[in-house]
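> Fold the following.
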Amino acid sequence: LVIGSLQLGFLYGILALGIYVTFRILNIPDLTAEGRFTLGLAALAVCTLAGHPVAGIVAAAVAGALAGCVTGVLQTKMGIHAVLAGILTMCGLYTINLIVMGSSPNVSLINVPTMFKAAESLGLSKEAARLVIAVTAAAVCLVLLILFFRTHLGLCIRATGDNEAMVSASSINVDSMKITALAFSNALVAVSGGLIAQYQGFADVNSGSGMLVVGLASVIIGEVIVGKRGLEIGFFSSIFGSIIYRYIIAAATKSQIFPAYA
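Next up, the predicted model:
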């Protein structure tokens, strides 16, 4: 229970990073987390079935980024409210997810080579292999995100979230910054979904239900415990909050005070 919650905490921590980008940096209420999580899950599952479990991560990230671009275009170019744009994209993604999964509501990855099984082949135990992959994936996403937001483009996105009027007066395209940030956010959430598909051994079209709550809860729990101390600390706190959230869920499930079936 302890190791499993830690593994899931790191994997869902990538989801929390994506939520943090839109929720804290860009200050945009993006409701497409459930749809894009399932999109990444479906894309990586299909690639894994085709024998490309690692390349599937790139496919999941690209698919998620495209979904983010759609949401961004609806918000910026068509003038649709951010909440409604997210709902429209999420509803549209349900059909797309079914198409990606071959019109099947679920796909099994049992006895299919995955990154977790590849790690086991190196001599690691099943739980150790899962933990190594989860920590590595979360660490890579964390480092890439920190490096990106130290670039000129990343600083422009941060400025856009702080003060759109100032950024616009500085001849920076606000719409492009929003679309780019949404693309990065969606890519992270999709990668998290894809890794969860390989972790649990199947992909289901309804797997994304409640993912927005999971991401927001992780971000808020992390900020409550660690505090708001800058962007880099905010990213760390999101992953830490995700781990704490999984342990809270595990404790609630294990507790006999409120049985899981109640």
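
> Does Ser108 touch Gln200 like I think?
No - counting by C-beta atoms under 8 Å, Ser108 stays clear of Gln200, with 10.5 Å between them. Every residue, glycine included, has its C-beta placed from N, CA and C.

> List the contacts of the residue positioned nearest the centre of the chain.
Against the mean C-alpha coordinate of the chain, by C-alpha atoms, centre = their mean, the closest residue is Val189 at 1.8 Å. With contacts defined as C-beta atoms under 8 Å, 6 or more residues apart in numbering, the neighbours of Val189 are Ile14, Leu15, Gly18, Ile19, Ala33, Arg36, Phe37, Gly40, Gly64, Met211, Gly215.

> Then Val54?
Each residue near Val54 by C-beta under 8 Å, 6+ apart is listed here: Met115.

> pLDDT wise, what is it at?
Note on Val54: pLDDT of 88.

> same thing with Val70?
pLDDT, Val70: 92.

> Quick one: neighbours of Leu31, just the number.
Residues near Leu31, counting by other C-beta atoms under 10 Å, number 18.

> Which helix or which strand is home to it?
For Leu31, there is no enclosing helix or strand under DSSP states H and E.

> swap in Glu232?
helix 231-254.

> got the contact list for the nearest residue to Gly194 once chain neighbours are set aside?
Distances taken as C-beta to C-beta, 6 or more residues apart in numbering place Leu44 nearest to Gly194, at 2.9 Å, with adjacent residues excluded. Leu44 sits next to Pro53, Gly56, Ile57, Ala59, Ala60, Gly193, Gly194, Leu195, Ala197, Gln198, Ala203 when contact means C-beta under 8 Å, 6+ apart.

> again, but for Leu17
Shown in contact with Leu17 (C-beta under 8 Å, 6+ apart): Cys141, Leu142, Leu145, Leu188, Phe235, Ser238, Ile239.

> hmm, try it at 6 Å
Cys141, Leu145, Leu188, Ser238 (C-beta atoms under 6 Å, 6 or more residues apart in numbering).

> In terms of helices and strands, where is the nearest residue to the first one once chain neighbours are set aside?
Going back to what we said before, that points to Cys141. Counting by C-beta to C-beta, 6+ apart, Cys141 lies nearest to Ile14, which is 5.0 Å off, once chain neighbours are set aside. For Ile14, the host element (DSSP H and E) is helix 2-20.

> Near Val174, how many other residues are there?
Residues near Val174, counting by other C-beta under 10 Å: 15.

> Tell me how far it lies from Gly68.
16 Å (C-beta to C-beta, to the nearest Å).

> Buried residues in the top helix by length along the chain, which are they?
Selection of the longest helix in the chain by residue count, based on DSSP state H, yields helix 174-200. Residues 177-199 are the ones in helix 174-200 that count as buried (16 or more other C-beta atoms under 10 Å).

> Stretch 59-78 too?
Buried positions in stretch 59-78, judged by neighbour count with 16+ other C-beta under 10 Å: 59-61, 63-76.

> what's near enough to touch the nearest residue to Glu120 once chain neighbours are set aside?
Of all residues not flanking Glu120 in the chain, Ala129 sits nearest, at 4.4 Å (C-beta to C-beta, 6+ apart). Taking C-beta under 6 Å, 6+ apart as the contact definition, Ala129 lies against Phe116, Ala119, Glu120.
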